[in-house]
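Novice: I would like to see how this sequence folds:
(chains A, B, C and D)
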2 protein chains.
Amino acid sequence: MTACETCVVRNRAICSALDNHEIAALSAIGRRRTVAAGESLIWEDDDSLLVANVIDGVLKLTTSTEDGREQIVGVAYPSDFIGRPFSQTSRASVVALTDARVCVFARNDFDRFAREHPELEHKLLERTLAELDRTRAWMMLLGRKTASEKIATFLLDMSDRFGETGCAPLRRPAKRFTLPFSRQQVADVLGLTIETVSRQFTRLKQDGVIDLPSRREVDVLDRGALAALAG
Amino acid sequence: MTACETCVVRNRAICSALDNHEIAALSAIGRRRTVAAGESLIWEDDDSLLVANVIDGVLKLTTSTEDGREQIVGVAYPSDFIGRPFSQTSRASVVALTDARVCVFARNDFDRFAREHPELEHKLLERTLAELDRTRAWMMLLGRKTASEKIATFLLDMSDRFGETGCAPLRRPAKRFTLPFSRQQVADVLGLTIETVSRQFTRLKQDGVIDLPSRREVDVLDRGALAALAG
DNA sequence: GGCCAGCCTTGACGAATGTCAAATTGGCGG
DNA sequence: CCGCCAATTTGACATTCGTCAAGGCTGGCC
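Specialist: Reported below is the predicted structural model:
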């Protein structure tokens, strides 16, 4: 595979740190792969064998308790990096929410390559720092927000995420979008039960804040109200 | 200041990536500072002006809502790195829990220095990845664990943290330790109220799982029971 | 077009945790 | 050693959210 030249995330993923010569070297140790919706790519507490760039699709990062409770601890979108470099084990599972395409590397190979390419490591560092910021903001939501605040925050986040895809930094929030999550998965993101999520959705609909044209679609009718609810 | 040679965290902080020549250059752009217990070093949503290494003491990283709810999103111990490099703004406040000594750098200077020293950036990347792992484990606690599981997990975490300080990687869990947190701060770490924390503590004491010799001290009497409760 | 399975919604209820208020403790300065 | 103040504990009660149990809807498939 040297589909890198035409790769849709070539300029957004960490690959953007590399020139054409370097990217050829990187592409020599990686390969493209599809992951069907529902399929796992990485298993919690397993040996960390793989890392990858997301080309297309959405994946969830989860941790679980022994008795089966699940928390979604991250969501990976196109151009995001997944997996745990520089460590024997991976502490979260990665499962595709939609059919996805990824560019995978053996962790060993990637680690070695990264250490030889400081610009790549720098991109990875910037990405990891940004992800840590996002994760900490989510801790506040999990620890201190009410169900209705959680739902409002979540919907605003989704709306921002799925804004006009044209130019990444300048995109405006989407009024209408399709959730990559089932109700149960929304619950797993927010630390709620499926029933509470469902009730909050219907209440927002009844109050005219959103419309729900189908199970996965959301239409934001009153963004101001959502923002106010998000706290 | 070139107290680096005698610095207690010289071999554990990110500085360990640097040789004596490089460390002299780094020390030229930094300075030591003390932070009194309760004093702030960095403010949420402020310009990110400072980064630092913790030499001694414990600091909390927090985010707050407008209406004053607080969530502790991280805790920094000696040798930890604090602040937000490579970003205009810092998304968490940093406040000392105990009197602390830190080695501070203007973020600009540090960013520039780091970009010129890939080994330093690599250490920072490893640290940030590890912190992200810990943070994600904490999300599971915040989103999915009960009050009693939260308290048990927290006490085990503290016990591990304050194990024999002699040799970092080989330390065993401490049976008895002094919390750097007030009850309210424990509540802010766990996403609970102070009353719930207090009740859980007394219950563990009544059940003979721990003893509470003083307000800040904890004596773990039955570690197995704690582990079982932690889930 | 109809049927089926899984997902989602709704209702009734209960338990865990938060809220508010008061009593108690313990540490510190005088 | 005493008294004071803040932190903590305890109690009574309220509320949110989770649990359990139906039932309904939707979208895919024949």
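
Novice: what about the helices in chain A?
Specialist: Applying DSSP state H to chain A gives helices spanning A:20-29, A:107-116, A:118-144, A:147-161, A:183-190, A:194-206, A:223-230.

Novice: mind exporting the fifth one as CSV, just the C-alpha atoms?
Specialist: The reference is to helix A:183-190. Extracted C-alpha coordinates of helix A:183-190, given in CSV (Å, rounded to 0.1, in the frame of the first residue of the first chain):
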residue,chain,number,x,y,z
ARG,A,183,-29.1,4.7,23.0
GLN,A,184,-27.1,2.2,25.1
GLN,A,185,-23.9,3.7,23.8
VAL,A,186,-25.0,7.2,24.6
ALA,A,187,-25.6,5.9,28.1
ASP,A,188,-22.1,4.4,28.2
VAL,A,189,-20.6,7.7,27.2
LEU,A,190,-22.4,9.7,29.8
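
Novice: name the helices or strands packed onto it?
Specialist: Applying 3 or more Cβ pairs under 8 Å, 6 or more residues apart in numbering or on different chains; DSSP states H and E, we find helix A:183-190 packed against strand A:59-64, strand A:70-76, helix A:147-161, helix A:194-206. (Each C-beta comes from the backbone N, C-alpha and C, glycine too.)

Novice: over to the last one?
Specialist: Helix A:223-230 makes packing contacts with helix A:147-161 when contacts are defined by 3+ Cβ pairs under 8 Å, 6+ apart.

Novice: follow-up on the earlier one: can I get the helices of chain A in JSON lines with mean pLDDT and distance to B:A76?
Specialist: As requested, the helices of chain A are exported to JSON lines (pLDDT from 0 to 100; distance: least, Cβ to Cβ, whole Å):
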{"stretch": "helix A:20-29", "mean pLDDT": "95", "distance to B:A76": "34"}
{"stretch": "helix A:107-116", "mean pLDDT": "98", "distance to B:A76": "26"}
{"stretch": "helix A:118-144", "mean pLDDT": "98", "distance to B:A76": "13"}
{"stretch": "helix A:147-161", "mean pLDDT": "97", "distance to B:A76": "26"}
{"stretch": "helix A:183-190", "mean pLDDT": "98", "distance to B:A76": "27"}
{"stretch": "helix A:194-206", "mean pLDDT": "98", "distance to B:A76": "34"}
{"stretch": "helix A:223-230", "mean pLDDT": "97", "distance to B:A76": "29"}
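
Novice: returning to what we had before: columns mean neighbour count on top of the helices and strands packed on helix A:183-190, output as TSV?
Specialist: Output for the helices and strands packed on helix A:183-190, formatted as TSV (neighbours: other Cβ atoms under 10 Å in any protein chain shown):
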stretch	mean neighbour count
strand A:59-64	22
strand A:70-76	23
helix A:147-161	20
helix A:194-206	16
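
Novice: now those in CSV, with distance to B:K60?
Specialist: Below are these laid out as CSV (distance: least, Cβ to Cβ, whole Å):
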stretch, distance to B:K60
strand A:59-64, 23
strand A:70-76, 21
helix A:147-161, 23
helix A:194-206, 30
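
Novice: can you convert the helices of chain A into TSV and add a column each for distance to A:F86?
Specialist: Converted to TSV, those look like this (distance: least, Cβ to Cβ, whole Å):
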stretch	distance to A:F86
helix A:20-29	16
helix A:107-116	6
helix A:118-144	10
helix A:147-161	28
helix A:183-190	27
helix A:194-206	36
helix A:223-230	36
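
Novice: closest to A:G74 out of the ones you listed?
Specialist: Among the helices of chain A, the nearest to A:G74 by Cβ to Cβ is helix A:118-144 (6.9 Å).

Novice: buried sites along that closest one?
Specialist: Within helix A:118-144, the residues that count as buried by 16 or more other Cβ atoms under 10 Å in any protein chain shown are A:118-129, A:131-133, A:135-144.

Novice: relative to the whole chain's centre, how far out is it?
Specialist: The chain centroid and the centroid of helix A:118-144 are separated by 12 Å, computed with Cα atoms, centre = their mean, to the nearest Å.
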